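Enquirer: Here is a sequence with its predicted model. Questions after.
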2 protein chains.
Amino acid sequence: MAIGSAPDAACCGPLTRETITPADAEAFARRLKALADPVRLRLVSIVAASEGHEACVCDLTEPVGLSQPTVSHHLKILTEAGFLSRSKRGTWAYYRLVPGALEAVAAPLVSV
Amino acid sequence: MAIGSAPDAACCGPLTRETITPADAEAFARRLKALADPVRLRLVSIVAASEGHEACVCDLTEPVGLSQPTVSHHLKILTEAGFLSRSKRGTWAYYRLVPGALEAVAAPLVSV
């Protein structure tokens, strides 16, 4: 069963066009913080660049050189923030990129 | 004199196409962290939405409801990260959005 949450709709219009509201700024900052870590960026990138945009946790520890508990901690933050979804098959958990989640973070940063 | 630094070139290709290198992930995470704060998002947004993409620090404290030292601290982080440039004219410091800086952060998040 997929446990990851769907991404929020893009939080807001472009930052350069209208002033972001305090509530939108809180929500957007939370999502940016989840991504603003070198290990988490690498994990997202490895998952995203994998076949089917999906990877087994068993294949994620070696490339980042960290223990499985540490990697699982980072994956949990990414899943809770809506960037990855998690499914369990047999022994292992598999992580998949949530379609549109990265683009939803990029959108307010781009002028239209 | 403008003191802000120009933005780095986009750190890397899209995260979904190729795996980000550890060095690029460090640099990208640093820039995301500078932006991943609700007050700093609001300051960037107010500056960006101002006429000429520029605002006086004297006009930034009231909208965010914080003291000038606190606002100046956040503006310094944004300036050092290359999102804003700073110039002093008379008594006041003026902050201007660095063209392309937000887009450079968005680019690796968008699939091509």
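Expert: That came through fine.
Enquirer: can you list the residues of chain A near chain B?
Expert: A:15-20, A:22, A:25-26, A:28-29, A:32-33, A:35-42, A:44-46, A:48-49, A:53, A:63, A:97, A:102-103, A:105-107, A:109-111 (Cβ under 8 Å from any Cβ of the partner chain). For glycine as for every other residue, the C-beta is placed from the backbone atoms N, C-alpha and C.
Enquirer: Point out where chain A drops to low pLDDT.
Expert: Along chain A, segments meeting pLDDT under 70 span A:1-10, A:112.
Enquirer: any idea what sits nearest the most centrally placed residue in it, other than its immediate chain neighbours?
Expert: Centroid check for chain A by Cα atoms, centre = their mean gives A:F83 as the closest residue, at 2.5 Å. Closest residue to A:F83 apart from its sequence neighbours, by Cβ to Cβ, 6 or more residues apart in numbering or on different chains: A:A101 at 4.8 Å.
Enquirer: so the one you found sits right up against A:S85, yeah?
Expert: No. A:A101 lies out of contact with A:S85 (Cβ atoms under 8 Å); the separation is 9.2 Å.
Enquirer: Would you enumerate the residues in contact with the residue nearest to the centre of chain A?
Expert: Each residue near A:F83 by Cβ atoms under 8 Å, 6 or more residues apart in numbering or on different chains is listed here: A:7, A:34-35, A:44, A:97-98, A:101-102.
Enquirer: And these, which two are furthest apart?
Expert: Maximum pairwise distance among those (Cβ to Cβ): 13.8 Å, between A:A34 and A:L97.
Enquirer: which one of these two has more residues nearby?
Expert: Neighbour count, other Cβ atoms under 10 Å in any protein chain shown: between A:A34 and A:L97, A:L97 has more, with 25 against 21.
Enquirer: you'd agree A:S87 is in a helix?
Expert: No. The assignment for A:S87, made by DSSP: H, G, I helix; E, B strand; the rest coil, is strand rather than a helix.
Enquirer: Can you get me a residue count around it?
Expert: For A:S87, using other Cβ under 10 Å, the count is 14.
Enquirer: I'd say it and A:C56 touch.
Expert: No. Counting by Cβ under 8 Å, A:C56 is not a contact partner of A:S87; they are 10.4 Å apart.
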